[in-house]
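A.B. asks: next come a sequence and a model predicted from it.
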Amino acid sequence: MSSTNKAFIKAYRHDQGQPQGSQSPRPAGAEQARVGTSAGARAEVPSIATATLSQGAGRAASIAGSGVAEKRPLSSYIAAPQPTRELRVDSAERHEPSAAFRAGTTVASFQWPAICRVVIQKCGAQLDQVTRLLWARASAGNSLIGVFGLFCGSGATTTALCLASRAATRGRRVIIGDGNFRSPGLAARLEAVPTAGWEEVLKHSASLQDAVIHATDENLDVLALGNKLLSDPLPVVGGLQAAVTAGILRHAYDLSILDIGAFFDPVSQPIFLELVSNLGLDAAVAVAGPDPTDRRDLATIIEQLDRTGCEFLGVVENRIAPKAA
């Protein structure tokens, strides 16, 4: 980690933290699903799921098999035992796009990254614990959920993709949105190309439908950003069209999961906070890498989210992310 980032993090932390032996802050509504958690400092981190994989990215690709070019729903990669009946969906129950809002681009299925297949195979049960929490919030009318990394490279995009795939098995309408303006590429990871990027919608040069890709076999939509970085995304993120987008997502989808970048990143954080505020996100889930999460970092995040009325649901521990240098 560079000295610049360290200085940035320190500026946002609460230096008057709790003593080492005291309880770490527990966000309201967080569920503890600490599967395979190691002893020590990590055990004190509020956690809603733990993704424990020993394989690296190269091993992940080999486990996924040789059929990389084959397009089929990510749920088909789930390993035995099969998901519980609660999570199975008959094809007749699938919700097709409504006439009022249809995606500008339709594909049969997405091309899922190999690492997503591995996480689904190895950690399907843990992911389902988190999706049940998300659906509980959505059923209460809080359907706009953000997923973010504590730091760049925490694995938030992969986690968001896997959660969206598992959530879509319920048969209700689910969309995953790319709000990572620092490093867009959600659609590219799925090898899908939208008619227009969401940034064009925010600049009033395209309709929202043009930025949405629908996969019929997945029962899942993607709100995509283009691959070209905006020189200054903050004005468009804070504009009226972003708030309009949130309203449409609430009306058209039962659950919207948005990848909103990294919190402790000097480039991403202003955009992150503007997205949370302007979209009116209902709740958010953090994704942490393999290093123990600092309680002061969590306190800072909770304080910032509380100011906008966004509920902090907890931390997903990603143990295959590379350790900080």
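C.D. replies: Great, that's in hand.
A.B. asks: what does stretch 136-147 contact?
C.D. replies: For stretch 136-147, contacts defined as CB atoms under 8 Å, 6 or more residues apart in numbering pick out 29, 134, 156, 159-160, 163, 179, 246, 249-250, 253-260, 275-276, 279-285, 287, 310-311, 313. The way it works is simple: take the backbone N, C-alpha and C, and place the C-beta from them, glycine included.
A.B. asks: surely His214 is within a strand?
C.D. replies: Yes. With DSSP: H, G, I helix; E, B strand; the rest coil as the criterion, His214 is assigned to a strand.
A.B. asks: for it, what are its contacts?
C.D. replies: Taking CB under 8 Å, 6+ apart as the test, what His214 contacts is Pro97, Arg102, Ala103, Thr105, Thr106, Val107, Leu220, Asp221.
A.B. asks: surely the third one and Gln209 touch.
C.D. replies: Meaning Ala103. Yes. Using CB atoms under 8 Å, Ala103 is in contact with Gln209, at 6.2 Å.
A.B. asks: what segments of this structure are helices?
C.D. replies: Secondary structure of the chain (DSSP state H): helices at 3-12, 57-63, 114-139, 156-167, 186-189, 198-202, 234-237, 240-252, 268-279, 295-306.
A.B. asks: which helices and strands sit right next to the fourth one?
C.D. replies: Packed against helix 156-167 by the contact rule (3 or more CB pairs under 8 Å, 6 or more residues apart in numbering; DSSP states H and E) you find helix 114-139, strand 144-149, strand 174-178, helix 186-189, strand 255-262, strand 283-288, strand 311-318.
A.B. asks: on that earlier part again, can you list the helices of the chain in TSV and add mean neighbour count?
C.D. replies: As requested, these are exported to TSV (neighbours: other CB atoms under 10 Å):
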stretch	mean neighbour count
helix 3-12	12
helix 57-63	14
helix 114-139	21
helix 156-167	27
helix 186-189	20
helix 198-202	23
helix 234-237	17
helix 240-252	16
helix 268-279	21
helix 295-306	19
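A.B. asks: could you tell me the least trusted of the ones you listed?
C.D. replies: With a mean of 30, helix 57-63 has the lowest mean pLDDT of those.
A.B. asks: quick one: Val287 from Gly104, how far?
C.D. replies: 29 Å (CB to CB, to the nearest Å).
A.B. asks: I am finished for the moment; much appreciated.
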